[in-house]
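Participant: dropping the sequence and predicted coords here.
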Amino acid sequence: SGAIAFISATICLQAKLEFIPFDIFKTEQRIIPTLYTEYSGLLLAVFRLVHSMLLFILPIFLITIFWMPNLGIQRLVLKYVLLLIIIILIKNTNPRIKAKQAIKFFLGPITLSAVVAIVLAILGK
């Protein structure tokens, strides 16, 4: 159950980190105003800094939850680099996916695998 949950969480990081196709706030051709429309200067810089910090913090969070045993500094760095490479590979392999396709994928197999992971965790397997 832990491996299934880890794979689901790693794939869902795409949406949390607002990578393609979930980068609606950054698109040039947006028609409706977004969260960042009213901000400029220092406040916009803070929003972007927090977003950039997520790329560092979320892999550490996943490592802490799923790979907690034997967290020496060398293993932590190795696991972090490995997870960061996986995240970047996922980001770079789907730049032309449309938001509709991604939502269909996330609401289908990813949600199903997350539910299976929860059920297996409850059953103790």
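Facilitator: Looks like it arrived, so ask away.

Participant: quick one: stretch 53-60 to chain centroid distance?
Facilitator: Stretch 53-60 sits 9 Å away from the centroid of its parent chain (C-alpha atoms, centre = their mean, to the nearest Å).

Participant: mind listing what's buried along it?
Facilitator: Across stretch 53-60, burial judged by 16 or more other C-beta atoms under 10 Å covers 58-59. The C-beta positions use only the backbone N, C-alpha and C, and glycine is treated the same way.

Participant: what about residue 13, how many residues nearby?
Facilitator: By other C-beta atoms under 10 Å, 20 other residues sit near residue 13.

Participant: helix or strand: which one has it?
Facilitator: Per DSSP states H and E, residue 13 falls inside helix 2-16.

Participant: list the helices and strands that helix packs on?
Facilitator: helix 42-66, helix 73-93, helix 111-123 (3 or more C-beta pairs under 8 Å, 6 or more residues apart in numbering; DSSP states H and E).

Participant: could these go into JSON lines alongside distance to residue 16?
Facilitator: Shown next, in JSON lines, are the helices and strands packed on helix 2-16 (distance: least, C-beta to C-beta, whole Å):
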{"stretch": "helix 42-66", "distance to residue 16": "6"}
{"stretch": "helix 73-93", "distance to residue 16": "11"}
{"stretch": "helix 111-123", "distance to residue 16": "14"}
